[in-house]
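J.: after the sequence you'll find the predicted model.
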Amino acid sequence: MLQTEEIKLEQSKHGFSGFKIELWKYQGEMGALIPLLQSAQETYGYIPESAIDYISEIVGIPSAEIYGVITFYSQFRLKPMGKNIIKVCDGTACHVNASTMIIRAIESELQIGNDETTEDGLFTLQKVACLGCCSLSPVIMINDETYGRLTPKKAQQLLNEYREQAQKE
Ligand code: FES
């Protein structure tokens, strides 16, 4: 079992300063892998390769097996999230109001699919089941903002507004 100081040292070797020490007090217990992966993702927003190597060393599970676990669970990400998270609703109300066209328009404008991030790191696209404002369908959210009664054209305009905003920053 590693002591806190040893863990800090190990983490600093891997560039994990400020890592969530508490969750990294691995004591050989079964089932520690998932909490460790969750901890890494909470800290970084995704699970970096270096964290996988580190976890592998600590729990003694080969990195390849850990990759297998990560790709099995949809909650885990191997790449950082984009600056703007787009949640496109494909729930029933939105679906009957042509959410598919909105999704296609966004995918084509950004050249990414579901759960992917644009090359420039500006957008991540996520399809969701319901955003809880069905009367506004079809609906998307970008970060905390909700946009309803969308058309493919309006969706493209919105993306351009976010791009322009990003250029000003
Ligand atoms: S189904 Fe889209 S907001 Fe509810």
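T.: Good, I have the coordinates.
J.: domain parsing for this protein?
T.: 4-72, 84-168 (automatic domain parsing).
J.: which of these has the highest mean neighbour count?
T.: Per residue and on average, the most neighbours among the domains of the chain fall to domain 84-168, with a mean of 16 (mean count of other CB atoms under 10 Å). The way it works is simple: take the backbone N, C-alpha and C, and place the C-beta from them, glycine included.
J.: is that one in proximity to the ligand?
T.: Yes. Counting by CB under 6 Å from any ligand atom, the ligand has neighbours in domain 84-168: Cys89, Gly91, Thr92, Ala93, Cys94, Cys130, Leu131, Gly132, Cys133, Cys134, Ser137, Val139.
J.: any idea of the mean pLDDT for that domain?
T.: The pLDDT scores in domain 84-168 average 95.
J.: quick check: end-to-end length of that domain?
T.: End-to-end distance for domain 84-168: 15 Å, by CA to CA, to the nearest Å.
J.: next one: that domain to chain centre, how far?
T.: 15 Å (CA atoms, centre = their mean, to the nearest Å).
J.: mind listing the strands for this protein?
T.: Assigned by DSSP state E, the chain shows strands spanning 84-89, 123-128, 140-142, 145-147.
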